[in-house]
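S.K.: Give me a model of this one.
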Amino acid sequence: MNKQDTMLIFDLDGTLWDSAEAVAEAWNEIFLREDPSLPKLTEEDIHGVMGMTMKEIGQVLQPMLAQDRRERVFEECCRYEVEYLLSHTGKLYPGLRETMEALRARGYSLAIVSNCQLGYVEAFMKGSGMRDLFDDYEEWERTGLLKGENIRLVMERNGFRKAVYIGDTAKDQEAAKLAGVPFVHAAYGFGKAEKPEGVIRALTELPEEISRLRSR
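M.R.: Got it, this is the predicted structure:
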């Protein structure tokens, strides 16, 4: 196996798994405890804010709450969500383990960069049993950096000058552009992209799409 000179970095929600149903359940428990008048969230509500930072999510989902109260409620949502996901795993996209194993067999180093809170990627790793497949990850809350900056951070600390970012939304594409790396759009996810360098309609298509990009 030859080690590749390009790191493959993944978004999480809408790319590797769909945790929206479990997240909605967790947040609704917090809303009910904090303020029963708060409207319940649906899986579709969560899909609509995937890829945003928690501050942005709070502004979209509960704009009528005073800022300080909204921040406190969503801080509690974030804390409980991570705990909840450890026992209520999100829906893994078909072929996840097999695809990641195939990429590693070709010599690729794999990482995750997500606009999420502390502990969220760990919840994915533990709940899915995928810890052995990824070499590194970064979360928005840990660094406070833009996603594109976190992509560069992960590349640099792992000694890579090249990477490909795989994600499902326009924000992911913007992050890849900021990081100066090609973008592969996971078209089965929650968002759209404008003229990405690559497209996959199922996660299992990724190894061949990466090979196509590298051969251009």
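
S.K.: Does the residue nearest to Ala179 when sequence neighbours are not counted belong to a helix, a strand or coil?
M.R.: Nearest residue to Ala179, sequence neighbours excluded (Cβ to Cβ, 6 or more residues apart in numbering): Ile151, at 3.9 Å. Bear in mind the C-beta positions are built from the backbone N, C-alpha and C, glycine included. Counting by DSSP: H, G, I helix; E, B strand; the rest coil, the backbone at Ile151 sits in helix.

S.K.: Distance check, Ile151 against Arg97.
M.R.: The gap separating Ile151 from Arg97 is 23 Å, by Cβ to Cβ, to the nearest Å.

S.K.: ok, these two, which is more surrounded?
M.R.: Ile151 (27 against 13; other Cβ atoms under 10 Å).

S.K.: among the helices and strands of the chain, which one scores worst on average pLDDT?
M.R.: Counting by mean pLDDT, DSSP states H and E, the weakest-scoring helix or strand in the chain turns out to be helix 54-61, with a mean of 86.

S.K.: Strands along this structure, start to end?
M.R.: 6-10, 17-18, 91-92, 110-114, 136-139, 162-167, 183-186, 198-200 (DSSP state E).

S.K.: helices and strands around the third one, which ones?
M.R.: Under the contact criterion of 3 or more Cβ pairs under 8 Å, 6 or more residues apart in numbering; DSSP states H and E, the helices and strands touching strand 91-92 comprise strand 17-18.

S.K.: Check the offset of the strand it packs on from the chain's centre.
M.R.: In terms of Cα atoms, centre = their mean, to the nearest Å, the centre of strand 17-18 is found 9 Å from the chain centre.

S.K.: and that strand, what does it pack onto?
M.R.: strand 91-92.

S.K.: Pull the residues that contact the strand it packs on.
M.R.: The contact list for strand 91-92 (Cβ atoms under 8 Å, 6 or more residues apart in numbering) reads 16-19, 21, 128.

S.K.: Ok, stretch 21-28 next?
M.R.: Here stretch 21-28 has contacts from 40-43, 45-46, 77, 80-81, 84-85, 88-91, using Cβ under 8 Å, 6+ apart.
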